[in-house]
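> need a structure here:
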Amino acid sequence: MQQIATKKTYSLEEYFALETALVETKHEFFNGEIFAMAGAHPNHNTLSVNLIREIGNELIKKGRPCRVFNSDQRVRAEQPSASRIGYFYPDVSVVCGKPEFSSDNPPTLLNPTVIIEVLSDSTRQYDFGKKLDYYRAITSVQDIVFMSFDKVGASLFHRQNEAWILHDVLSLEQPLTIESLNLSLPLVELYRDVMFA
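All right, here's what the predicted structure looks like:
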């Protein structure tokens, strides 16, 4: 008789205990599964820093009451129809207005306006699949951006009423327009110092 391996599922309490015990490693949680977050490629890190800098500087210039967070800020996403909760660490998140945090330790951001993920070959399917479904379920989120670090390219999902509109930006000459922030960011600046093979 052949034995079938079963995946261990975790409760939220077990997830939070793991996050507290292993502070040097971040973990994402959804549907009872826990995923350790690995280190990133230098291009990934450069692109993330450029995004934070450009968005932050433009928001300051415009006097917008928004805050930009790096990948250390955990975000909560809930799919009420499926009774599922996810905890994720997007590469960049932005909240406009007053940020709302959970009482978890460390606090989890509950009301992001914009979420940005930098894609790699190993995370592309995970980010564009399960994560995207969870991010779209966050009622405060207006824009979700996926950016490639190994080639020039961004895919932006913008919430328009009950629909999501996809817009691709595939050239350094095009700007990345994030409507909810009223920002148009030159891709040439976002990809500054990113070294393609």
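
> my guess is Gln73 meets Val95, correct?
No. Using Cβ atoms under 8 Å, Gln73 makes no contact with Val95, being 9.3 Å away. (Glycine included, C-beta is placed from N, CA and C.)

> From the contact counts, what lies against the longest helix that the chain contains?
What stands out as the longest helix in the chain, according to DSSP state H, is helix 42-62. Contact here means 3 or more Cβ pairs under 8 Å, 6 or more residues apart in numbering; DSSP states H and E; on that basis helix 42-62 packs against strand 66-69, strand 92-96, strand 114-119, strand 183-186, helix 187-190.

> export that helix as PDB, just CAs?
Provided in PDB are the C-alpha atoms of helix 42-62 (Å, rounded to 0.1, in the frame of the first residue of the first chain):
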ATOM      1  CA  PRO A  42      20.800  42.600  -6.300                       C
ATOM      2  CA  ASN A  43      18.600  43.800  -9.200                       C
ATOM      3  CA  HIS A  44      15.500  43.000  -7.200                       C
ATOM      4  CA  ASN A  45      16.900  45.000  -4.200                       C
ATOM      5  CA  THR A  46      17.900  48.000  -6.500                       C
ATOM      6  CA  LEU A  47      14.500  48.100  -8.100                       C
ATOM      7  CA  SER A  48      12.700  48.000  -4.700                       C
ATOM      8  CA  VAL A  49      14.900  50.800  -3.400                       C
ATOM      9  CA  ASN A  50      14.400  52.900  -6.500                       C
ATOM     10  CA  LEU A  51      10.600  52.500  -6.200                       C
ATOM     11  CA  ILE A  52      10.600  53.500  -2.600                       C
ATOM     12  CA  ARG A  53      12.800  56.600  -3.300                       C
ATOM     13  CA  GLU A  54      10.900  57.800  -6.400                       C
ATOM     14  CA  ILE A  55       7.400  57.200  -4.900                       C
ATOM     15  CA  GLY A  56       8.400  58.800  -1.600                       C
ATOM     16  CA  ASN A  57      10.000  61.900  -3.200                       C
ATOM     17  CA  GLU A  58       7.100  62.500  -5.500                       C
ATOM     18  CA  LEU A  59       4.500  62.100  -2.700                       C
ATOM     19  CA  ILE A  60       6.500  64.700  -0.600                       C
ATOM     20  CA  LYS A  61       6.600  67.100  -3.600                       C
ATOM     21  CA  LYS A  62       2.900  66.800  -4.000                       C
END
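
> Any idea how far that helix is from the middle of the chain?
14 Å (Cα atoms, centre = their mean, to the nearest Å).
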